[in-house]
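A.B. asks: Attaching a predicted model along with its sequence, questions to come.
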Amino acid sequence: MTPTAIRELRNRLCESQTHFGERFQVSQITVAYWESGRSQPAPKRLSELAILASNTTSTNAPVKAFRPIQYLGSKQRLAETIATVLSEVAPGASRVGDLFAGSGVVSSLLGTIRPVTAVDIQAFSHALTTALLHGKAEHYAEFIQPEFMLQVNEFARRVSHQVAPLLEFEAKALHKAASGDPEDLIHLMEFGSLAIHEQRPLTNCPPRLEKLLGKVIKGLKTSEFNTADLTAIRYFGGPYFSYAQALELDAIYMAANALKVPSSKSCVLAVLLSTASEIVNTVGKQFAQPMKLKKADGRIPPLLLQRALRDRTLNTIQIFQSWANRWQEHVLPTNDNHRVVRGDVIEFAANDRECGVYYADPPYTIDHYSRFYHVLETLVLRDSPRLDEMKKRGELSVMRGVYRIGRHQSSFCVPSTAPAAFDKLFAATVRREAPLVLSYSPFDEAEGHRPRLLTFPDLVATAKRHYPNVSVMEITEHSHRKLNTKTHNVGIRNDAERLLICKV
């Protein structure tokens, strides 16, 4: 039995590699090796596989959508509906263009049934969708092997030596916080970014921490590592992750750089982003801004402190290996006919000559999109960006969110340009004489929902200027994740999502 046949058999059974292996008393890694061709089943196992295959018929059980990161407005629960609608408006196996691909949830599900071109201008999206559409089981299996983990641990050891003063301070701060004295932990979260301190030291930073930051910065300048190698610990250790977690993220990245196969590197980067999304210490696991433990009135909410202690002690390496297993179990059966494009969606649609249908998931509000994923963007680009600054009481200071200068601002996210952007999108896709299915979320101003950049009637009217056949499907059981703040934590509408179906 060929590796492909073994994988197809497992997929027909809708089983993970772990559960499939239990049938034959073998490990998940062994199944991964069978499916990748790295090893062959023993004669007895081949006989058992053949018997199982002969007694197993193909099923139409739906493939479940895979969400690789926490994503605001994730389409995980809506992906199957989107796939069904696309099949109705464009029957057959024509290529679908997934515009604003984001976390790749829709692309990966569509990739099980038809060729996909995933398009997004963000580098983190390109990394995720490349791994989702082109990753192979043997790549992910490599990341949990002892050889790879030995490299990770060796890089972590060497980085730890360079940042030892901060690691020691952090360990004591976490212990004190767990014992009822969180002040040092609060200072680390407020002032602990090495990149901020190097660009423009924050006022009110405690002298002891300021001295430690300066000492570590000086040491790193003469270390064996370049700035790209240490992006996580330089920028986000302190505000978003513990230093211990950040250095392990960097160690994984450096171990990936040592891999000889470029495709393996793209896969390990995707698993790294999944890991960062799980361990990050923010409200809602988004990256809009770090958690602020101490409120303006001096209160320290017990729940926030518990979350900080929990998140900052999560084991990065174990979580990375867990995600590697999950990625491995969601490898597409065939992935040679997909494409990933990093670029502007309107420009892509205007020049595309391959897609027979498009799906678009545009931003909904002015504060959507890049602001929530700037950490992932920097972890992918590793380009040592300068950080955004703002004037506070007449003095410049780096924004506590550690936002990169020049982060992408989509024309769909700007009230003055959004109407024209939607108009250009419809014009580009209809010029291809291709149907377009567009996700959009209405809002109820009376309920305090975040205003959309276009009202739904205006969006429909714009579509009708280009497409002769425009209809609306309401998805009654889907609702977006909300940021957990008092101003955004509003009631959830059952009809929070609609599909605008545009046919030629």
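C.D. replies: Great, that's in hand.

A.B. asks: which sections of the chain are below the confidence cut-off?
C.D. replies: Low-confidence segments of the chain (pLDDT under 70): 14, 54-63, 367-370, 442-450, 476-496.

A.B. asks: now with 50?
C.D. replies: Residue ranges of the chain with pLDDT under 50: 58-62, 478-492, 494.

A.B. asks: Tell me which residue lies nearest the centroid of it.
C.D. replies: Centroid-nearest residue in the chain, with CA atoms, centre = their mean: residue 69, separated by 3.8 Å.

A.B. asks: Shouldn't that residue be within a helix?
C.D. replies: No - assigned with DSSP: H, G, I helix; E, B strand; the rest coil, residue 69 falls outside any helix and is coil.

A.B. asks: Look up the closest residue to it, ignoring the ones flanking it.
C.D. replies: Nearest in space to residue 69, with sequence neighbours left out and distances taken as CB to CB, 6 or more residues apart in numbering, is residue 277 at 3.9 Å. Just so you know, the C-beta spots here come from the backbone N, C-alpha and C atoms, and that holds for glycine as well.

A.B. asks: would you say the one you found is within a helix?
C.D. replies: Yes - according to three-state DSSP, the state of residue 277 is that of a helix.

A.B. asks: tell me what whichever strand or helix holds residue 131 is packed against?
C.D. replies: Secondary structure from DSSP states H and E places residue 131 in helix 123-134. Packing partners of helix 123-134 (3 or more CB pairs under 8 Å, 6 or more residues apart in numbering; DSSP states H and E): helix 105-110, strand 116-120, helix 262-279, strand 339-342, helix 374-381.

A.B. asks: Got phi/psi on the residue nearest to the centre of the chain?
C.D. replies: Phi and psi for residue 69, reported as degrees, to the nearest 10, are phi -140, psi 160.

A.B. asks: just to revisit the earlier point, show me which residues of the very next helix or strand once past the helix holding residue 131 are buried.
C.D. replies: Per DSSP H and E, the first helix or strand lying C-terminal to helix 123-134 is helix 137-142. For helix 137-142, a neighbour-count test (16 or more other CB atoms under 10 Å) marks 137, 138, 139, 140, 141, 142 as buried.

A.B. asks: The first one and residue 178, how far apart?
C.D. replies: Between residue 137 and residue 178 the computed distance is 40 Å (CB to CB, to the nearest Å).

A.B. asks: wait, what's in contact with residue 244?
C.D. replies: By CB atoms under 8 Å, 6 or more residues apart in numbering, the contact list for residue 244 reads 167, 170, 171, 316.

A.B. asks: Show me the helices in the stretch 301-450 of the chain, by range?
C.D. replies: Assigned by DSSP state H, counting those that start in this stretch, the helices in the stretch 301-450 of the chain fall at 302-311, 316-329, 345-351, 374-381, 418-431.

A.B. asks: just those: most buried one?
C.D. replies: The highest average neighbour count among those, using mean count of other CB atoms under 10 Å, belongs to helix 374-381 at a mean of 23.

A.B. asks: relative orientation of that one and helix 262-279 in degrees?
C.D. replies: Put simply, helix 374-381 runs at 160 degrees to helix 262-279, going by axes from the mean of the first three to the mean of the last three CA atoms, to 10 degrees.

A.B. asks: Helix 374-381 - contacts with which helices or strands?
C.D. replies: Contact partners of helix 374-381 among helices and strands, from 3+ CB pairs under 8 Å, 6+ apart: helix 123-134, helix 262-279.

A.B. asks: Mean neighbour count, the ones you listed: which tops it?
C.D. replies: Mean neighbour count (mean count of other CB under 10 Å) peaks for helix 123-134 among the helices and strands packed on helix 374-381, with a mean of 26.

A.B. asks: How about the contacts made by residue 326?
C.D. replies: Taking CB under 8 Å, 6+ apart, we find residue 326 in contact with 66, 274.

A.B. asks: Next, find the distance separating it from residue 235.
C.D. replies: Counting by CB to CB, the separation of residue 326 from residue 235 is 26 Å.

A.B. asks: for the nearest residue to residue 114 once chain neighbours are set aside, what are its contacts?
C.D. replies: Of all residues not flanking residue 114 in the chain, residue 93 sits nearest, at 4.8 Å (CB to CB, 6+ apart). Contact analysis of residue 93 by CB under 8 Å, 6+ apart lists 113, 114, 115.

A.B. asks: How about residue 133?
C.D. replies: Listed by CB under 8 Å, 6+ apart, the contact set of residue 133 reads 104, 107, 108, 111, 116, 118, 332, 335, 338, 339, 340.

A.B. asks: Please apply the same query to residue 396.
C.D. replies: With contact set as CB under 8 Å, 6+ apart, residue 396 has these partners: 200, 389, 390.

A.B. asks: These in strands, which ones?
C.D. replies: Among the contacts of residue 396, the members falling in strands are 389, 390 (criterion: DSSP state E).

A.B. asks: So which residues of the chain form strands?
C.D. replies: For the chain, the strands defined by DSSP E occupy 96-99, 116-120, 339-342, 357-360, 389-392, 395-398, 436-440, 469-475, 497-503.

A.B. asks: Ok, which of those comes nearest residue 253?
C.D. replies: Nearest of the strands of the chain to residue 253, taken as CB to CB: strand 339-342 at 19.3 Å.
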